[in-house]
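J.: pasting the sequence and the predicted model now:
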Amino acid sequence: MSDESSNEQLDRALYRGWLALVLALPLLAHGFGALVAWRFGLRTSAFVPGTVAGVIGVAASLVVASSPVVRKTLSRAALVVGAVCSVALFATLLAPGQDDVHRWLKLGPFWLHASSALTPWILWAAATLLSRRDATAYGAFALLVVAQSAHYFQPDTAQAWALTAGASMLLYVSRIIAPLRYGAIAVMGAFALATSTRPVRLDPVPEVEGVLSLAESLGSAWWVGAVLCVAGFPFVLGSWAPARLRSPTVSALAAYAGALALSAFSGDYPVPWLGAGAGHMLGAYAMVALALSKARADEE
């Protein structure tokens, strides 16, 4: 067997291992969170929408990865996709809120945390536009600033800082002239800082914002398991990605996911993947699908 053939086999094995992990981790984390909630007699039914969203997300990720038509259509419609998602973030301001907090869209009997489901698409759209060598590249700035301003008005501090992390990663390596790049990063950070100063009077929900604390109270083994569930997905998505998958897009998505994970340890913020809710699960599998789409598009 030639060295080239051995390297190809190793690359395929690494890719399959990465794919299996990155698809499984959000669902495993969600199941762990449901187990913690069950131990405290909380509503395990709150984890059903997230589980269903996760299963659908796995299937959708594989479809995107295997369909050239879907990938090409997404790439051509990047500006439209990003604009629709940004407008949808502002649509939360028209929906009923809780104590002047407007982060959710009502979908039938369910409430969807819009930013956690849609922000990965906005980051991907911005990355796609920034990779172009025409005037549409500047549309990325509009998408990012509009989405960030929605976070300010909602307000949503965790998502604001996470978007800042992902956008900064994208802008830093883009071909746009330095004053525009660094100016946009400064604007994103200023919005996030301003969002942090807005008072929020919502009480944390045990199975959403409080699930880490509940796991800690069960013992050190539970706490370690919860930490691995929260940190595992962004780490595998970015740091363990095979060479063929690495790109500014994937780095930005991993930075966004990592910042979300860090926010869970810094205050009463929703705990991604571990806590109840479909938004973070949809966002996680959007990140997987978009990372796969970018890698396959580059190969083609």
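T.: Looks like it arrived, so ask away. Numbering: from 1, shown residues only.
J.: any regions of the stretch 1-150 of the chain where pLDDT drops low?
T.: Residues of the stretch 1-150 of the chain that meet the criterion pLDDT under 70 lie in 1-7, 10.
J.: does Val87 sit in a helix or strand, and which one?
T.: helix 78-91 (DSSP states H and E).
J.: where exactly do the helices run in the stretch 151-300 of the chain?
T.: 157-173, 178-196, 211-218, 220-238, 248-263, 279-299 (DSSP state H, counting those that start in this stretch).
J.: what angle do helix 157-173 and the longest one make with each other?
T.: Taking axes from the mean of the first three to the mean of the last three C-alpha atoms, to 10 degrees, one finds helix 279-299 and helix 157-173 inclined to each other by 10 degrees.
J.: so what does helix 279-299 touch, helix or strand wise?
T.: Applying 3 or more C-beta pairs under 8 Å, 6 or more residues apart in numbering; DSSP states H and E, we find helix 279-299 packed against helix 3-39, helix 48-66, helix 68-76, strand 110-113, helix 114-130, helix 220-238, helix 248-263. Where you see a C-beta, it was placed from the backbone N, CA and C, and this is true even at glycine.
J.: so which of these is the most packed in?
T.: Ranked by mean neighbour count under mean count of other C-beta atoms under 10 Å, these are led by helix 114-130, which reaches a mean of 27.
J.: and of the helices of the stretch 151-300 of the chain, who's closest to Glu8?
T.: helix 279-299 (13.2 Å; C-beta to C-beta).
J.: is it true that Ser149 touches Phe191?
T.: Yes - counting by C-beta atoms under 8 Å, Ser149 does reach Phe191; the two are 6.4 Å apart.
J.: between the two, which one's more packed in?
T.: Set Ser149 next to Phe191 and count neighbours by other C-beta atoms under 10 Å: Phe191 wins out with 22 against 18.
J.: what's the helix or strand where Ser149 lies in contact with?
T.: Taking DSSP H and E as the criterion, the element that holds Ser149 is helix 139-153. By C-beta atoms under 8 Å, 6 or more residues apart in numbering, the list of residues contacting helix 139-153 from outside reads 79, 82-83, 85-86, 89-90, 92-93, 102, 115, 119, 122, 125-127, 129-130, 157, 159-160, 163-164, 167, 170, 174, 180, 184, 187-188, 191-192, 194-195, 198.
J.: residues touching the closest residue to Ala261 other than its chain neighbours, list them.
T.: Closest residue to Ala261 apart from its sequence neighbours, by C-beta to C-beta, 6 or more residues apart in numbering: Val230 at 4.9 Å. Shown in contact with Val230 (C-beta under 8 Å, 6+ apart): Ala29, Leu212, Ala261, Ala264, Phe265, Val271, Pro272, Trp273, Leu274.
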